[in-house]
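A.B. asks: here is the input, now give the coordinates:
(one chain, ligands or ions: 2)
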Amino acid sequence: MKKNKNTIFIANVLFVVVCAGLFYFLWSAPPETTAHLPTDDDHAPFLHMKKKEAEKHCGKCHSPKGIAPLPADHPPKYRCLFCHKREQGAGM
Ligand code: HEC
Ligand code: HEC
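C.D. replies: Numbering: from 1, shown residues only. Ligands and ions are numbered 1, 2, ... in the order given. Just a heads-up that it's a prediction; the model follows:
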């Protein structure tokens, strides 16, 4: 009987420790720092397009041969606007 109680006690302590660790991990996640879509003339047309529609045009300038190639260490670039968010209400 006594052994059983100890096991339950340890399980409870472990549970609390794991929860605290998870909470700390989520709490200390870094803030979102990825650059937003600029709101200049080059990008104005994309502010009010459907995302998938807009993303078809990014490569025209953001490709190795374009005027603003992506950095060599750029992460996988599928779906630009999921990472480079558009400012809410910009370009109205
Ligand atoms: C007509 C050419 C052109 C098109 C099309 C274009 N861009 Fe750009 N983009 C530029 C130029 C030039 C710069 C660098 C100067 C600047 O910040 O505006 C730039 C800069 C950026 C930056 C960097 C912003 C920063 O703060 O450093 C991001 C992110 C970006 N573009 C995303 C996109 C996405 C996503 C699309 C497609 C929806 C797109 N661009 C389409 C020309 C273009
Ligand atoms: C998985 C997320 C992700 C996707 C998808 C993505 N990017 Fe990026 N992009 C980043 C990160 C992270 C950086 C690093 C610099 C930063 O903080 O903006 C970056 C940097 C850039 C820069 C240079 C910004 C600067 O300050 O010099 C441009 C331009 C850019 N991305 C355009 C694009 C375009 C165009 C697409 C779609 C073809 C795209 N990105 C898709 C995450 C992403």
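
A.B. asks: so how far is H74 from C61?
C.D. replies: 14 Å (Cβ to Cβ, to the nearest Å). Every C-beta, even on glycine, is put in place using the N, C-alpha and C of the backbone.

A.B. asks: please say which of those two ends up with more neighbours.
C.D. replies: Legend: neighbour count by other Cβ atoms under 10 Å for C61 and H74, higher for C61 (13 against 10).

A.B. asks: the more buried one contacts C80, doesn't it?
C.D. replies: No - using Cβ atoms under 8 Å, C61 is not in contact with C80, being 11.6 Å away.

A.B. asks: what's the spacing between the least confident helix or strand in the chain by mean pLDDT and its chain's center?
C.D. replies: When the helices and strands of the chain are scored by mean pLDDT, DSSP states H and E, helix 2-27 comes last with a mean of 88. Distance of helix 2-27 from its chain centroid, counting by Cα atoms, centre = their mean, to the nearest Å, is 30 Å.

A.B. asks: list phi and psi for the residue nearest the centre of the chain.
C.D. replies: What sits nearest the mean C-alpha location of the chain, by Cα atoms, centre = their mean, is C83, with 5.5 Å. Taking degrees, to the nearest 10, you get phi -100, psi -50 for the backbone angles of C83.

A.B. asks: which residue, neighbours along the chain excluded, lies closest to it?
C.D. replies: T34 (5.0 Å; Cβ to Cβ, 6 or more residues apart in numbering).

A.B. asks: tell me which parts of this protein are close to ligand 1?
C.D. replies: Contact residues (Cβ under 6 Å from any ligand atom) of the chain with ligand 1: 35, 37-38, 40, 42-43, 46, 54-55, 57-58, 60-62, 67-68, 80-81, 84.

A.B. asks: that'll do, ta.
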